[in-house]
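J.: For reference, the sequence and a predicted model appear below.
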Amino acid sequence: MEKFVINGGNRLNGDVFISGAKNAAVAIIPAAILGEGPCVLENVPNINDVTVCLKILSEMGAEVRLLNKNTIQIDAKHIRDTVVPYEMARSIRASYYFLGTLLTKFNHAKVSMPGGCALGDRPIDQHLKCFKALGANYSIEHGMVEISAEKLAGTQIYFDKITVGATINAMLAAVKVEGLTILENAAREPHIVDLANFLNSMGADIMGAGTDVIKIRGVNRLVGTNYAIIPDQIESGTYMVAAAATGGDVTIRNIIPKHLEPISSKLTKMGVLIEESDDSLRVVGSNRPYERMNLKTMPHPGFPTDMQPQFAALLTLSNGTSIITESIYEDRFRYVDELRRMGADISVDGKVAVIEGVEKLTGAPVKAADLRAGAALIIAGLCAKGSTEIEDIYHIERGYEDMAFKLRAIGANIEKRKFPGPDAMRIAL
Ligand code: EPU
């Protein structure tokens, strides 16, 4: 079994370089099979979710070449199979993007229902609604979603709720469909814009990504392209919070500061100093406790749910009572018990967590319940007195490239160690 072992108390200091965005990469990689000719993707994060996406492509017959650690070439001309291997698809949430791309390429797709639901109920009704509106039929049997179509046609789709995944899947499914498809009440996350830019660089005609109305005029063919994935908003935010929490002075490099505004504005409000440059942010923390704060997670440009656990860790040491309202997921407080082991004072009632600031956290053996819960425990461990051992770190490695290495480079005392015993079952997010 592998664990992160952290000896807390070091102030982080120096530069950290941010990798490509996980949630953009896991959409762009399946989309790369739509090009006639190879696609070269740069700034691809070297994380487990990406490895699984690439394995799925290879199993299906695509040629995947690693040009260097963060650059891959995908040539999909030999893909014939429209069934995504069950176990692999179940191990990542983003495998549902193969529904949209395979439907576009072959008018047929069969993919397992997205796996284990660590954040509460996560239905895919809005994805299915899009496929149906475009003219496809679907069925769910034996754990597999199967969709097929004789002919697809452009249409107008109004999302009943704002969803990143269904917005992306609708773009993927509609990109080559004859006529105009209009998506209303669409999600506006930076990775949606990135996917639209990628598809447009292949010859697609997509307008409005980044607003709540996206217009997709179907094109006959898409071609291979070279494309660099945007920096990861959540990885950036995680290091910003880690810098603040340790009273450090860290410059976050290779980023798009605009994407970080919802995070920067909260940190500034708490008393953290942030200096912005073109492609970096300097985060200067303080030795004194930060101001308490309330936050509510919202779709972009609101405060991202994927930063909620990390902020909770920071707020455990702030002055006074903070209230966090989680409005995206039913159950995203599964890290709370673990933070309590470290001395945090948090109570949860449904979608609301109340955090009473305490003077100190102390190291403890804890478990990462999911990816961002794991990031929150790392932040808590960096501030805690003594040693924190984090189990189930495969969650963290699904979405953060070389996290221990990057933290060590800015002064953290963290290492990955092997312990006797098996790793827990892997659950998808
Ligand atoms: N929802 C529905 N029906 C649907 C789709 C979604 O009710 O058909 C609900 C979900 O249950 C959830 C809300 O809508 O309550 C938002 O879900 P969304 O579709 O936006 O999320 P997702 O596509 O499943 C992606 C990221 C998540 C991130 C969310 C929100 C990927 C692979 N995952 O999930 O990332 O939290 O968007 O921004 O892109 C993470 O990186 O830690 C992570 C969980």
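T.: Perfect, I can see it now. Residues are numbered from 1 along each chain as shown.
J.: Pull the contacting residues for the closest residue to the ligand within the chain.
T.: Going by Cβ to the nearest ligand atom, the ligand is nearest to Gly165 of the chain, at 2.6 Å. Glycine gets a C-beta too; all of them are placed from N, C-alpha and C. With contacts defined as Cβ atoms under 8 Å, 6 or more residues apart in numbering, Gly165 is in contact with Arg93, Ala94, Tyr96, Tyr97, Ile124, Gln126, His127.
J.: Give me the subset of those residues that also touch the ligand.
T.: Contacts with the ligand within these, counted by Cβ under 6 Å from any ligand atom: Arg93, Ala94, Ile124, Gln126, His127.
J.: Mind jotting down where the strands sit in the stretch 101-250 of the chain?
T.: Under the criterion DSSP state E, counting those that start in this stretch, the stretch 101-250 of the chain contains strands at 108-112, 137-141, 144-148, 156-158, 180-184, 205-207, 213-217, 226-228, 249-253.
J.: Tabulate the ones you listed (CSV), appending mean pLDDT, mean neighbour count and distance to Cys39.
T.: Formatted as CSV, the strands of the stretch 101-250 of the chain follow (pLDDT from 0 to 100; neighbours: other Cβ atoms under 10 Å; distance: least, Cβ to Cβ, whole Å):
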stretch, mean pLDDT, mean neighbour count, distance to Cys39
strand 108-112, 94, 21, 19
strand 137-141, 94, 12, 28
strand 144-148, 95, 20, 24
strand 156-158, 98, 14, 27
strand 180-184, 98, 19, 23
strand 205-207, 98, 16, 16
strand 213-217, 98, 20, 19
strand 226-228, 98, 16, 7
strand 249-253, 98, 21, 26
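J.: export these to CSV and tack on distance to the ligand?
T.: Output for those, formatted as CSV (distance: least, Cβ to the nearest ligand atom, whole Å):
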stretch, distance to the ligand
strand 108-112, 14
strand 137-141, 12
strand 144-148, 12
strand 156-158, 12
strand 180-184, 13
strand 205-207, 18
strand 213-217, 15
strand 226-228, 18
strand 249-253, 18
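J.: possible to save the ones you listed as CSV with distance to Leu34?
T.: Converted to CSV, the strands of the stretch 101-250 of the chain look like this (distance: least, Cβ to Cβ, whole Å):
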stretch, distance to Leu34
strand 108-112, 13
strand 137-141, 20
strand 144-148, 16
strand 156-158, 20
strand 180-184, 15
strand 205-207, 12
strand 213-217, 13
strand 226-228, 13
strand 249-253, 32
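J.: so which of the ones you listed gets nearest Val44?
T.: strand 226-228 (9.0 Å; Cβ to Cβ).
J.: I would like the residues contacting the closest one, please.
T.: Against strand 226-228 from outside (Cβ under 8 Å, 6+ apart): Gly20, Ile28, Cys39, Val40, Leu41, Glu42, Asn43, Asn197, Phe198, Ser201.
J.: Enumerate the residues of the stretch 301-429 of the chain near the ligand.
T.: Contact residues, the stretch 301-429 of the chain versus the ligand (Cβ under 6 Å from any ligand atom): Thr305, Asp306, Ile328, Tyr329, Leu371, Arg372, Gly399, Leu429.
J.: what's the most distant pair in those?
T.: It's Ile328 and Gly399 that sit farthest apart of those, by Cβ to Cβ, at 16.5 Å.
J.: if you count what's nearby, which of those two comes out ahead?
T.: Between Ile328 and Gly399, counting by other Cβ atoms under 10 Å, Gly399 is the more crowded of the two (28 against 21).
J.: was I right about the more buried one contacting Ile47?
T.: Yes - the pair Gly399 / Ile47 is scored as a contact, 5.6 Å apart, by Cβ atoms under 8 Å.
J.: any common contacting residues for these two?
T.: By Cβ under 8 Å, 6+ apart, the residues touching both Gly399 and Ile47 are Lys22.
J.: CSV please, covering the residues of the stretch 301-429 of the chain next to the ligand and showing distance to Ile79 and secondary structure.
T.: As requested, these are exported to CSV (distance: Cβ to Cβ, whole Å; DSSP: H, G, I helix; E, B strand; the rest coil):
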residue, distance to Ile79, secondary structure
Thr305, 34, helix
Asp306, 31, helix
Ile328, 33, coil
Tyr329, 33, coil
Leu371, 29, helix
Arg372, 33, helix
Gly399, 26, helix
Leu429, 26, coil
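J.: Columns pLDDT on top of those residues, output as TSV?
T.: Output for those, formatted as TSV (pLDDT from 0 to 100):
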residue	pLDDT
Thr305	97
Asp306	97
Ile328	95
Tyr329	94
Leu371	95
Arg372	96
Gly399	95
Leu429	47
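J.: Mind picking the two most distant members of the contacts of Gly165?
T.: Top of the distance list for those (Cβ to Cβ): Ala94 and Gln126, 15.5 Å.
J.: Looking at these two, which one has more neighbours?
T.: Neighbour count, other Cβ under 10 Å: between Ala94 and Gln126, Ala94 has more, with 24 against 19.
J.: ok, for that one, nearest residue in space, not its chain neighbours?
T.: Leaving aside its sequence neighbours, Ala94 sits nearest to Val26 (Cβ to Cβ, 6 or more residues apart in numbering; 3.6 Å).
J.: End to end on stretch 324-343, go ahead and measure it.
T.: Start-to-end span of stretch 324-343 (Cα to Cα, to the nearest Å) is 18 Å.
J.: Report the distance from it to the chain centre.
T.: 18 Å (Cα atoms, centre = their mean, to the nearest Å).
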